[in-house]
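>>> based on what follows, work out the 3D shape:
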Amino acid sequence: MSLPPLVEPAAELTVDEVRRYSRHLIIPDVGMDGQKRLKNAKVLCVGAGGLGSPALMYLAAAGVGTLGIVEFDEVDESNLQRQIIHSQADIGRSKAESAKDSVLGINPYVDVVLHEERLEAENVMEIFAQYDLIVDGTDNFATRYLVNDAAVLLNKPYVWGSIYRFDGQASVFWSEHGPCYRCLYPEPPPPGMVPSCAEGGVLGVLCASIGSIQVNEAIKLLAGIGDPLVGRLMIYDALEMQYRQVKVRKDPDCAVCGENPTVTELIDYEAFCGVVSEEAQEAAAGATITPRQLKEWIDGDEKIEIIDVREPNEYEIVSIPGAKLIPKNEFLMGTALQDLPQDKRIVLHCKTGVRSAEVLAVLKSAGFADAVHVGGGVIGWVHQIEPEKPVY
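Modelled structure (predicted):
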């Protein structure tokens, strides 16, 4: 569906701006009017990571007048494989500051506003209210539902994107004209069911593919051109080089944008998405050890069986000495239980402790009462015990 322009045009373009945006100005659908609308637009990017990097760079190049950046993290070396807005020299710097420098290097006419804080229920409404459009580059379900609900409550459109390994998705959610994110995904997946990019990986260039789609949709909304992805989900398979679309209809029973909404204010999104399931929390209570404790058990020749529940490719990057690899899914299917030793204490670990807590719940219910898991996982082990090893 075609929609009216989201913003009014600015009063004028300077001579320098006309030169800069000349390739836009000669496109009939954009022209002087559309470029003035971009100049007058205020767009907020949630995150300056994999999706936020190309989105911010292309929004800046396109001439969006005000770019807001919500980002609280620092640049890590593992980011550079895909977060192209940052460079080697930025390692350890604020991602927001690094992104701002890159944006201004691309286009000095852009006004960059930094929100160097974690997006939460306490600040999201105030931050979102300052912008015409939101570009969502988040990588966790709690923040995605927070962004959606705040956008619906404020009647703000937002462009959503998601990436994982070789697969990407994108859509435009605007409850006034179509469905919201909850219409597509009414409930978050069970904790640990869907790995994050940090756990499962992502092809770096996939970020550019989906991020550029997000910017394309943002420009269409701001300038009022084309047919935005409202009510449509774009799915991209990079391995097969295949795009397909799925229609998404507005759900009349949607909890936040339906006819009788039950979510009329922001909620506790961490609890809603369950970072760790209740079963895992209960299993981990009193059954969590530190990496240093594990090192003491290894050095003391304790009768333990260390089991790594990550995926094989993760195990190849870094592992705890003596750990046996049995991926989490084998425990969930029950195939791993029969091979576990009965005369040794089971010690589980994963990357940070989330997946191992989920597996611990399975073992506890199967009768392995003295099983434990390592809080902080292999990342904690590397930081505390073997700092010379790589982390990912």
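
>>> can you pull the contacts of the residue lying closest to C207 once chain neighbours are set aside?
Nearest residue to C207, sequence neighbours excluded (CB to CB, 6 or more residues apart in numbering): G50, at 4.0 Å. In short, each C-beta sits where N, CA and C put it, glycine included. Applying CB atoms under 8 Å, 6 or more residues apart in numbering to G50 gives the contacts R82, Q83, G137, D139, I163, C197, V202, G204, C207, G211.

>>> of these, closest to Y58?
For the contacts of G50, the residue nearest Y58 by CB to CB is G211; the value is 7.3 Å.

>>> next SSE downstream of the strand or helix carrying that closest one?
Using DSSP states H and E, G211 falls within helix 204-223. Downstream of helix 204-223, the first helix or strand assigned by DSSP H and E is strand 232-237.

>>> residues near D167, how many?
Neighbourhood size, D167 [other CB atoms under 10 Å]: 17.

>>> start at 52, not 1
New numbering, starting at 52: the last item is D218.

>>> ok, which stretches of this structure are strands?
93-97, 117-121, 162-166, 184-187, 209-215, 218-224, 283-288, 293-298, 339-340, 355-359, 375-376, 396-400, 423-425 (DSSP state E).

>>> got the angle for the second one vs strand 93-97?
Inter-element angle recorded for strand 117-121 and strand 93-97: 20 degrees (by axes from the mean of the first three to the mean of the last three CA atoms, to 10 degrees).

>>> ok, back up a step: buried subset of the contacts of G101 as a PyMOL selection?
To isolate the buried members of these in PyMOL, using 16 or more other CB atoms under 10 Å:
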select buried, resi 133+134+188+190+214+248+253+258+262
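
>>> possible to save the contacts of G101 as CSV with pLDDT?
Below are the contacts of G101 laid out as CSV (pLDDT from 0 to 100):
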residue, pLDDT
R133, 96
Q134, 97
G188, 91
D190, 88
I214, 95
C248, 72
V253, 91
G255, 95
C258, 97
G262, 98
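
>>> which one of the contacts of G101 is nearest P239?
Nearest to P239 among those, counting by CB to CB, is D190 at 13.5 Å.

>>> the closest one against C248, yeah?
Yes - taking contacts as CB atoms under 8 Å, D190 lies within contact range of C248: 5.7 Å.

>>> state the pLDDT value of the residue lying farthest from the centre of the chain.
Here the chain reaches farthest from its C-alpha mean at D394, the gap being 41.8 Å by CA atoms, centre = their mean. We note a pLDDT of 93 for D394 in this prediction.

>>> try the one 4 residues further on
V398 is assigned a pLDDT of 97 by the prediction.

>>> who's in contact with it?
Taking CB under 8 Å, 6+ apart, one finds I340, L345, W348, I355, E356, I357, I358, A422, V423, H424, V425 in contact with V398.

>>> please report how far it lies from F419.
Distance check for V398 against F419: by CB to CB, to the nearest Å, it reads 11 Å.
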